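K.L.:
Could you look at this predicted model? Sequence included:
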Amino acid sequence: MHKLVILIESPEDWNAFDEAWPRFLHLVESVPGLRRETTSRVEVALYGNKALALMHELYFDSLEAAQTALATPNGREAGKLLQEITRGRMTLFLLIIRRTTWRISASFAQAAPLRRPEHLRRG
């Protein structure tokens, strides 16, 4: 299994980002071969000099499936929109998943909805 990881820095304009993000999700969720996706909000930065806001992960059966999905019209349009709404303030990479261990606690099911971290909110 492979995944595309998108690390998104804090947007300059949260309102524009929030407005465009559902369009990005709609496009990317329609690409062939997508098995799973997750969006995670950065709650606490432990180390590093980038103000990261979100991590979005797209899971595929293989590297070829990921490349095929990204090359489709919706995949290309999603990439273009992502570039536009982040103004290039992002990092993308493809990973091969070697091992996954699931340990889900009861608190996981009660996780807070996706919201901007307090330190990233603007007046």
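P.N.:
That came in fine, so what should we check first?

K.L.:
going forward, measure contacts between C-alpha atoms and count neighbours the same way
P.N.:
OK.

K.L.:
Pull out the buried residues from the helix or strand hosting residue 68.
P.N.:
According to DSSP states H and E, residue 68 maps onto helix 63-71. The neighbour-count check on helix 63-71 (16 or more other C-alpha atoms under 10 Å) flags 63, 65-66, 69-70 as buried.

K.L.:
Name all residues that make contact with residue 72.
P.N.:
For residue 72, the contacting residues are residue 31, by C-alpha atoms under 8 Å, 6 or more residues apart in numbering.

K.L.:
mind checking the SS state of residue 25?
P.N.:
Following DSSP: H, G, I helix; E, B strand; the rest coil, the label given to residue 25 is helix.

K.L.:
Can you report how many residues lie near it?
P.N.:
For residue 25, the count of nearby residues is 15 (other C-alpha atoms under 10 Å).

K.L.:
and if you look at the one 10 residues further on?
P.N.:
The burial metric for residue 35, expressed as a neighbour count using other C-alpha under 10 Å, is 13.

K.L.:
tell me which residues in the helix or strand where it lies are buried?
P.N.:
If you go by DSSP H and E, residue 35 is part of strand 34-41. For strand 34-41, a neighbour-count test (16+ other C-alpha under 10 Å) marks 34, 37, 41 as buried.
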